[in-house]
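In: okay, sequence plus prediction incoming.
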Amino acid sequence: MVNRRPTIPGIRPDDDPATPYWRGLIVLRIVTWVFALVSIWLNVHTFQLEWAGWVVAGVMTVWTAVLTYFYLTPAGRRPQLVIADLVLNTVLMLSSVPIVGAPLMQSGAQTVTTLWSSGPPVGGAIYGGRYWGLLFGGITAVANVLPRGYFNIYLAEDTVLLIGVSFVVGVASETTRNSVERVRQALRTEAATAERERLARSIHDGVLQVLARVRRRGLEVGGEAAEIAELAGQQEIALRSLIASGPLESTVDGDTDLRQWVQLMATPTITVAAPATPVLVPQVTAGELTAAAREALSNVDKHAGAEARAWVLLEDLGGEVVLSIRDDGVGIAEGRLAVAEAEGHLGVSQSIRGRIADLGGTVVLTTAPGEGTEWEMHVPTGGAA
């Protein structure tokens with residue numbers, strides 16, 4: 001079977017959801033470039049340095065071509081290029097004083113770049129969102145005021161438009177990206193659900209029927225076979241719970257609800273308790289934490305005694321989560337863990353303590369002969385340190 005990434009009609013998996021905005025920016029840059037060239041052609045005879053005016057026109061022409069080439073593909077839309085666009089635009093705007101002349105600038109003449117300067121704030125907003133838009137718009141607005149040496153209602157209007165439009169474009173860009181990611185997440189969940197249902201049918205027709213038959217036959221035979229029947233019954237229940245639980249979902253940010261992972265540990269001899277509200281942690285944290293918990297539960301099965309039961313408690317303390325595994329078994333004798341590690345049995349050292357330490361957390365072990373064992377795993381919700 002070939003795995004295919006869920007796709008959205010009209011958007012390829014490797015597409016930038018903001019591509020339409022970038023294409024619109026290219027059109028804006030070309031239109032404002034034409035406007036700037038016409039403005040220079042009409043007014044260059046009034047410039048203090050006519051030749052410099054044509055140099056600026058040439059720079060704008062080359063830079064517009066460069067931006068058009070790179071902005072056409074997602075790989076070319078790099079932050080370095082967006083920032084370089086802002087820097088070049090600011091330098092050209094500030095050069096209006098020596099090129100056009102201070103007297104003309106103070107009398108209300110346009111900067112040598114005119115409307116072409118509106119491009120960098122829009123580009124910053126598309127790339128980085130609302131805050132980039134505010135920053136780029138603010139810098140461009142300042143560069144529009146400085147060459148004139150004064151501030152009036154008309155410059156105030158330009159400032160509001162530069163910052164306001166950049167902010168709105170940034171919000172729209174962020175919203176588009178988030179919306180597309182949510183749709184992609186929904187499609188991934190749908191695909192996972194469909195695959196899970198397919199596997200569930202296969203398991204039901206094979207593995208579950210075999211486990212059910214082993215359980216019934218073992219109970220009929222009795223003796224040692226009854227123990228095998230009990231184990232088969234437990235695995236049948238656990239497998240049915242796993243199939244019925246649904247796919248493990250995650251948020252747009254890649255966080256997942258730890259409760260889903262912990263609840264899959266429940267069996268007839270393992271009781272699980274978790275908060276009523278989602279406990280969101282990074283997926284890597286959920287995977288490592290539950291792996292450590294399963295190692296602790298494996299130790300219960302191997303060493304706590306045939307009649308031992310276990311309880312798993314998940315707590316969300318805000319900045320950290322605490323996963324406790326307690327059993328009512330025989331407990332661990334003092335020094336036994338050190339001896340096991342010296343003999344090469346590294347389950348506790350690597351699978352439990354090592355995993356939690358890698359996540360920036362701590363492990364507290366409470367045990368005594370005849371009093372059971374309790375593991376407390378404290379992990380920050382932010383993931384690995």
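Out: Thanks, I have the structure now. For clarity, every value in this text was computed on a predicted model and none was experimentally measured.
In: test my guess that Gln110 contacts Leu42.
Out: No. Between Gln110 and Leu42 there is no contact under CB atoms under 8 Å: 10.7 Å. Glycine gets a C-beta too; all of them are placed from N, C-alpha and C.
In: and these two? Which one has more around it.
Out: Higher neighbour count among Gln110 and Leu42: Gln110, with 19 against 9, using other CB atoms under 10 Å.
In: need the contact list for the more buried one.
Out: Ser39, Asn43 (CB atoms under 8 Å, 6 or more residues apart in numbering).
In: if I look at it, how far off is Val31?
Out: Look at Gln110 and Val31: by CB to CB, to the nearest Å, they are 16 Å apart.
In: below-threshold pLDDT in the stretch 101-250 of the chain: ranges please.
Out: 196-197, 200-206, 208, 230, 233-250 (pLDDT under 70).
In: in it, which spans are helices?
Out: Ranges of helices in the stretch 101-250 of the chain, per DSSP state H, counting those that start in this stretch, are 102-106, 119-128, 130-145, 153-205, 207-221, 224-244.
In: could you export those helices as TSV, including mean neighbour count and distance to Gln263?
Out: Formatted as TSV, the helices of the stretch 101-250 of the chain follow (neighbours: other CB atoms under 10 Å; distance: least, CB to CB, whole Å):
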stretch	mean neighbour count	distance to Gln263
helix 102-106	15	69
helix 119-128	27	39
helix 130-145	21	38
helix 153-205	15	16
helix 207-221	15	20
helix 224-244	15	8
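In: and the ones you listed: which comes nearest Leu365?
Out: Taking CB to CB, helix 224-244 is the member of these nearest to Leu365, at 25.9 Å.
In: which one is Ala36 nearest to, not counting chain neighbours?
Out: Trp116 (4.2 Å; CB to CB, 6 or more residues apart in numbering).
In: OK, contacts around the one you found?
Out: Counting by CB under 8 Å, 6+ apart, Trp116 touches Arg29, Thr32, Trp33, Phe35, Ala36, Met60, Thr64, Asn89.
In: ok, it to Thr32 distance?
Out: The spacing between Trp116 and Thr32, counted by CB to CB, is 4 Å.
In: residues near Val364, how many?
Out: By other CB under 10 Å, 11 other residues sit near Val364.
In: correction: the previous question concerned Leu88.
Out: 15.
In: might one say that it is in contact with Trp63?
Out: Yes. Using CB under 8 Å, Leu88 is in contact with Trp63, at 6.2 Å.
In: so what sits against both of those two?
Out: Looking at what touches both Leu88 and Trp63 (by CB under 8 Å, 6+ apart), there is no common residue.
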